[in-house]
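Colleague: Give me a 3D structure for the following:
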Amino acid sequence: MSTTATKPVLLVTAADLAPEALDMLGAFEVVFAGKQPTEDDIVALCARHKPVAIIVRYGKVNARIMDAAAGNLQVISKHGSGIDVIDQDAAAARGIAVRAAVGANAAA
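Modeller: Below you'll find the predicted structure:
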């Protein structure tokens, strides 16, 4: 039996995450956008999966992407420092929290 329908979706704009990170995300259905996702790729995935969260590793997240999640999106987190690739005004207008995972790219 698939658990896809029962778990909230977390979209990652990359092809992978560290195994330790995936272990912490067991409550979510993690969907990867691929190695170099385009805006259209991310929009299509948001429209299909209606994620509650996006982890941004590559690319930008704009209003079009946020709207494609059909109101489910609650938080957008940038993997690493700096959140300039996220349209913060569009997120604020939609009640979507924006966070940065500072130190996520630091060597262990």
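Colleague: Do you have the helices of the chain handy? List them.
Modeller: Counting by DSSP state H, one finds helices in the chain at the ranges 19-24, 39-49, 63-68, 88-93.
Colleague: can you redo those as CSV with distance to Leu11 and mean pLDDT?
Modeller: Heads up, the C-betas are built off the backbone N, CA and C, glycines and all. What follows is the helices of the chain, written out as CSV (distance: least, Cβ to Cβ, whole Å; pLDDT from 0 to 100):
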stretch, distance to Leu11, mean pLDDT
helix 19-24, 14, 93
helix 39-49, 6, 97
helix 63-68, 9, 98
helix 88-93, 15, 97
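Colleague: wait, which of these is closest to Ala101?
Modeller: Evaluated over the helices of the chain, closeness to Ala101 peaks at helix 19-24, with 9.4 Å, by Cβ to Cβ.
Colleague: contact partners of the closest one?
Modeller: The set of residues external to helix 19-24 that reach it, using Cβ atoms under 8 Å, 6 or more residues apart in numbering, is Val30.
Colleague: re earlier: and the helices of the chain: which comes nearest Lys7?
Modeller: Of all the helices of the chain, the one in closest proximity to Lys7, counting by Cβ to Cβ, is helix 39-49 (10.7 Å).
Colleague: I figured Lys35 was touching Ala15, is that so?
Modeller: Yes. Lys35 is in contact with Ala15 according to Cβ atoms under 8 Å; the separation is 4.4 Å.
Colleague: Could you tell me how far Lys60 is located from Val30?
Modeller: Counting by Cβ to Cβ, to the nearest Å, the gap from Lys60 to Val30 is 20 Å.
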